[in-house]
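[1] whatever this is, show me its structure:
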Amino acid sequence: MRDKTQTNSAAPGDRLVRAGAVVFFIGAVATLVTVAPLFLGTTPFPTYMFGLSMLMAVGFLMAGAGVLRSIAAGRRQARSGR
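    You can find the predicted model right below:
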């Protein structure tokens, strides 16, 4: 008996979760780079650099939207009886 889901098939929210993880990681690195001069006692980066730290939140929201989209697709599939 074969399973109906292939191992390499992508669910509706998978790409959004992956993109969110990448954006979150870029934001995390930007946060570390931006905060490091404050701890090292060097001159801090310009204020706009702190905006890059917000990429962590954007990535988190993107990944959350992907999870919700995947849940909604699973519910639709369960309702249709497939």
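[2] okay, buried residues for the worst-scoring helix or strand of the chain on mean pLDDT please.
    With mean pLDDT, DSSP states H and E as the measure, the helix or strand of the chain carrying the lowest mean pLDDT is helix 48-52 (a mean of 83). Along helix 48-52, these residues count as buried under the neighbour rule (16 or more other CB atoms under 10 Å): Leu52. All C-beta spots, glycine's among them, are computed from the backbone N, C-alpha and C.
[3] which other helices and strands does the helix or strand just after that helix contact?
    Using DSSP states H and E, the next helix or strand after helix 48-52 towards the C-terminus is helix 55-80. Applying 3 or more CB pairs under 8 Å, 6 or more residues apart in numbering; DSSP states H and E, one finds that helix 55-80 contacts helix 14-40.
[4] got a list of what the spatially most central residue of the chain touches?
    Closest residue to the average C-alpha location of the chain: Gly20 at 2.0 Å, with CA atoms, centre = their mean. Contact analysis of Gly20 by CB atoms under 8 Å, 6 or more residues apart in numbering lists 59-66.
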